[in-house]
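>>> Structure for the following, please:
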Amino acid sequence: VKLMGDGVLVEFASLVDAVECAVAVQTACSTADDKRVRLRIGVNLGDIIIDGGDIYGDGVNIAARLEAMAAPGGVCISSIVYESLGNRVDVAFVDAGEHEVKNIPRPIHVYHWTAKASDARSAGDHMPVSDRLPATVPHRSTISVTPFENLSNDSELGFLCEGIAEDIITALGNISQLTVVRPTPALGARDGAGSLADTAARQPARYTLEGSIRKAGNRIRVSAQLLDNFSGVQSWAQRYDRDVSDMFQVQDDVARNIVIAVHGELGAGSYSDRWQRGTNNFEAWQLSAKSFHEFQKHSPDSIAKSAAMWDRAFAIDPDFLAPRAASAFCYAQMALWKDRKTAEEYIAKAQSYIDIAMAAAPRDARPYSAKRAIEIAKGNYAEAIAAAQTACDLEPNEPSCVANLALALMCADEPRNALALMTKATQEISNYPGWFATVKIQSHYMIGNLAEAVHEAEDILRRAPDFYAAPVLLAALNAELGRVDEARKMGEKVRQMDPQFSVETFVKSQGLKNIEHRERLFTALTSVGLPE
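Predicted coordinates for the structure are as follows:
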């Protein structure tokens, strides 16, 4: 686009081309003699504003900030670039965490690569945070739990110390977004190959949860803290004071409170946590966590299971409003798969749930996100967009609200606007869920960007193999591209995934206004032998 002194601004039509070019340039420079100028490169994916022969906007600004964070000879990319690449380039980027940068309201999650680590170390004060990290950084969601330390001369506390840790491990193990690694034999490691201790050595934890217990009279104090093993920073800490009249009740109560707090800190980010906020009842909270995981598969069976679990969570804690909105979302989606009479019953049930949630919390965005699904099920696209926009107005910085509006626009046959919004939403959530990807896939499909649609579908299938729509859409895309073998392979995967699969039902479930695109999708799917 332009030269800027000793810098250059380049626009690429392909994200893969941009990253491969950056790596190729730095690799070539790393083999040159020491008199060659060393470069820093930043790569970002985002909207741009074209002004004559220039471009600008947040997409460009973030790329510039990434360039400044790179080491000489290195490449820094944003999280949206990292997630969008998937396995399409053979380059290992290191997670460098989130960074505050000038004139950008939200922290940027950065990933870093350098051709020569020694080059970065020789750069002195300019060496970025990423180069102080190990070559392989465990994923943010890996956590180990150590036995709590007994700070009193009371043998009973020894049992409580191990008991709380064991309860925490058990509860965290039921949460799909977190991987629990046991670091010591003290918590029951087995001997021999495949022991828990060996597993911990092979898979180091990003975080460690540790704590202590002390007793004074009839009162007990439990302190806990969450440490980032690679930065040394204390990410979270809390203490709990309880009466010791019932030691087992203390153990249950404290362990559950710690699990809820830690999941809120690590979980899967704000996207999952916002649907589990609002209850102190552990059973209701855990049901919501399990239901949220099941919901991400987005299949007819998983949506029905999710609705049932969220209904149970609400029955356990009627003041917990998130399950009402979430369950309404499920019933609205299920209505798209059912006959007219059943669909009307589901829509009525979903609306009654939304009415309860809106009356109790009129400024909560979640019911309006679910109302968008209800209006799509009714075929009221303008009303769907309005409901999703209201959710965005209530929580303008919540990526899932932006994604929900993008989904409404995609269904209403505004794919370009949908893509622009979804690009913004996926900048805020690393490892975004399948339904975010569906908006991108369908929007690219409608516009005619089949290659980009395939890349997005392949990426989400790799990251979320259980996501229902990914192989279906890949079958349709490959069919249109004339890739017969790939299309049939995906078609077979669909049949194995859902023996009751129906093309007509799937197309209907997408909630699309554009009749031509519905027919196009129907034709592509039936062409690979999937049952009508």
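>>> so L461 touches V472, yeah?
No - the criterion here is Cβ atoms under 8 Å, and L461 misses it with V472 at 10.4 Å. For glycine as for every other residue, the C-beta is placed from the backbone atoms N, C-alpha and C.
>>> Mean pLDDT per helix and strand in the chain: which one sits at the bottom?
Least confident helix or strand of the chain, by mean pLDDT, DSSP states H and E, is helix 196-202 with a mean of 37.
>>> Tell me the strands beside the helix or strand just after that one, with direction?
As assigned by DSSP states H and E, the chain's next helix or strand after helix 196-202 is strand 207-216. Strands adjacent to strand 207-216 in the sheet, as given by DSSP bridges, are strand 142-145 (parallel), strand 149-150 (parallel), strand 219-228 (antiparallel).
>>> right, so of those strands, which gets closest to E100?
Smallest distance to E100 across those (Cβ to Cβ): 16.9 Å, for strand 219-228.
>>> mind listing the helices for the stretch 1-150 of the chain?
Counting by DSSP state H, counting those that start in this stretch, the stretch 1-150 of the chain has helices at residues 15-30, 58-69, 79-85, 117-121.
>>> Pick the most buried one from the ones you listed.
Mean neighbours per residue, mean count of other Cβ atoms under 10 Å, is largest over the helices of the stretch 1-150 of the chain for helix 79-85, with a mean of 22.
>>> Check which helices and strands that one sits against.
Applying 3 or more Cβ pairs under 8 Å, 6 or more residues apart in numbering; DSSP states H and E, one finds that helix 79-85 contacts helix 15-30, strand 108-114, helix 415-428, helix 450-463.
>>> Could you export the third one as PDB, CA atoms only?
So that's helix 415-428. The C-alpha atoms that make up helix 415-428 are tabulated as PDB, following Å, rounded to 0.1, in the frame of the first residue of the first chain:
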ATOM      1  CA  PRO A 415     -23.700 -11.800   4.400                       C
ATOM      2  CA  ARG A 416     -21.200  -8.900   3.900                       C
ATOM      3  CA  ASN A 417     -22.400  -7.100   7.000                       C
ATOM      4  CA  ALA A 418     -22.500 -10.300   8.900                       C
ATOM      5  CA  LEU A 419     -18.900 -11.100   8.000                       C
ATOM      6  CA  ALA A 420     -17.700  -7.600   9.100                       C
ATOM      7  CA  LEU A 421     -19.400  -8.000  12.500                       C
ATOM      8  CA  MET A 422     -18.200 -11.600  13.000                       C
ATOM      9  CA  THR A 423     -14.700 -10.600  12.200                       C
ATOM     10  CA  LYS A 424     -14.900  -8.100  15.000                       C
ATOM     11  CA  ALA A 425     -16.400 -10.700  17.400                       C
ATOM     12  CA  THR A 426     -13.700 -13.300  16.700                       C
ATOM     13  CA  GLN A 427     -11.000 -10.800  17.400                       C
ATOM     14  CA  GLU A 428     -12.200 -10.900  21.000                       C
END
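>>> and that helix with helix 58-69, angle?
30 degrees (axes from the mean of the first three to the mean of the last three Cα atoms, to 10 degrees).
>>> The longest one too?
With the same axes, to 10 degrees applied, the angle from helix 15-30 to helix 58-69 works out at 20 degrees.
>>> contacting residues around helix 15-30?
10, 12, 36-39, 41, 43, 45, 73-75, 77, 81, 84-85, 88-89, 91, 113-116, 119, 455 (Cβ atoms under 8 Å, 6 or more residues apart in numbering).
>>> what ranges of this protein fall below the confidence cut-off?
Counting by pLDDT under 70, the chain has low-confidence residues at 32-35, 87, 102-103, 105, 116-141, 174-177, 182-204, 230-233, 264-274, 428-431.
>>> Tell me which stretches of the stretch 251-400 of the chain form helices.
Along the stretch 251-400 of the chain, the segments classed as helices by DSSP H, counting those that start in this stretch run 270-273, 282-295, 300-316, 322-335, 340-360, 366-378, 381-394, 399-411.
>>> could the ones you listed go into TSV alongside mean neighbour count?
TSV is the format used below for the helices of the stretch 251-400 of the chain (neighbours: other Cβ atoms under 10 Å):
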stretch	mean neighbour count
helix 270-273	20
helix 282-295	22
helix 300-316	21
helix 322-335	27
helix 340-360	17
helix 366-378	26
helix 381-394	19
helix 399-411	27
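>>> Mind putting those into TSV with distance to Y240?
Converted to TSV, those look like this (distance: least, Cβ to Cβ, whole Å):
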stretch	distance to Y240
helix 270-273	21
helix 282-295	14
helix 300-316	22
helix 322-335	24
helix 340-360	29
helix 366-378	29
helix 381-394	33
helix 399-411	31
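>>> and of those, who's closest to G163?
Minimum separation from G163 across the helices of the stretch 251-400 of the chain (Cβ to Cβ) falls at helix 282-295, 15.8 Å.
>>> that older thread, for the strands paired with strand 207-216, which one ends up most surrounded?
strand 142-145 comes out most buried of the strands paired with strand 207-216 by mean count of other Cβ under 10 Å, with a mean of 24.
>>> Quick one: distance of that strand to the chain centre.
With Cα atoms, centre = their mean, to the nearest Å as the basis, strand 142-145 stands 19 Å off its chain's centre.
>>> Dump it to CSV, restricted to CA.
Written as CSV, here are the backbone C-alpha positions of strand 142-145 (Å, rounded to 0.1, in the frame of the first residue of the first chain):
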residue,chain,number,x,y,z
THR,A,142,-4.5,-26.6,31.9
ILE,A,143,-4.4,-26.6,35.7
SER,A,144,-2.9,-28.7,38.5
VAL,A,145,-4.2,-28.8,42.1
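>>> could the helices of the stretch 1-150 of the chain go into TSV alongside distance to P415?
Output for those, formatted as TSV (distance: least, Cβ to Cβ, whole Å):
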stretch	distance to P415
helix 15-30	18
helix 58-69	19
helix 79-85	18
helix 117-121	41
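>>> related to what we said a few turns ago, could the helices and strands packed on helix 79-85 go into a markdown table alongside distance to I441?
Supplementary listing: these in a markdown table, determined by distance: least, Cβ to Cβ, whole Å:
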| stretch | distance to I441 |
| --- | --- |
| helix 15-30 | 15 |
| strand 108-114 | 23 |
| helix 415-428 | 10 |
| helix 450-463 | 5 |
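>>> E100 - nearest residue in space that isn't next to it in sequence?
In space, E100 comes closest to P107 once its chain neighbours are excluded; the distance is 5.4 Å by Cβ to Cβ, 6 or more residues apart in numbering.
>>> Count the residues that sit near that neighbour.
12 (other Cβ atoms under 10 Å).
>>> Over to it: give its phi and psi.
Main-chain dihedrals, P107, degrees, to the nearest 10: phi -60, psi 150.
>>> Surely it touches E98?
Yes - using Cβ under 8 Å, P107 is in contact with E98, at 3.9 Å.
>>> contacting residues for the nearest residue to K371 once chain neighbours are set aside?
Leaving aside its chain neighbours, K371 sits nearest to A387 (4.1 Å; criterion: Cβ to Cβ, 6+ apart). Counting by Cβ under 8 Å, 6+ apart, A387 makes contact with 368-369, 371-372, 374-375, 408.
>>> Could you pull up the contacting residues of the closest residue to R488 other than its chain neighbours?
In space, and not counting its chain neighbours, R488 is closest to V528: 5.4 Å by Cβ to Cβ, 6+ apart. Residues counted as contacts of V528 (Cβ under 8 Å, 6+ apart) are 475-476, 479, 487-488, 490-491.
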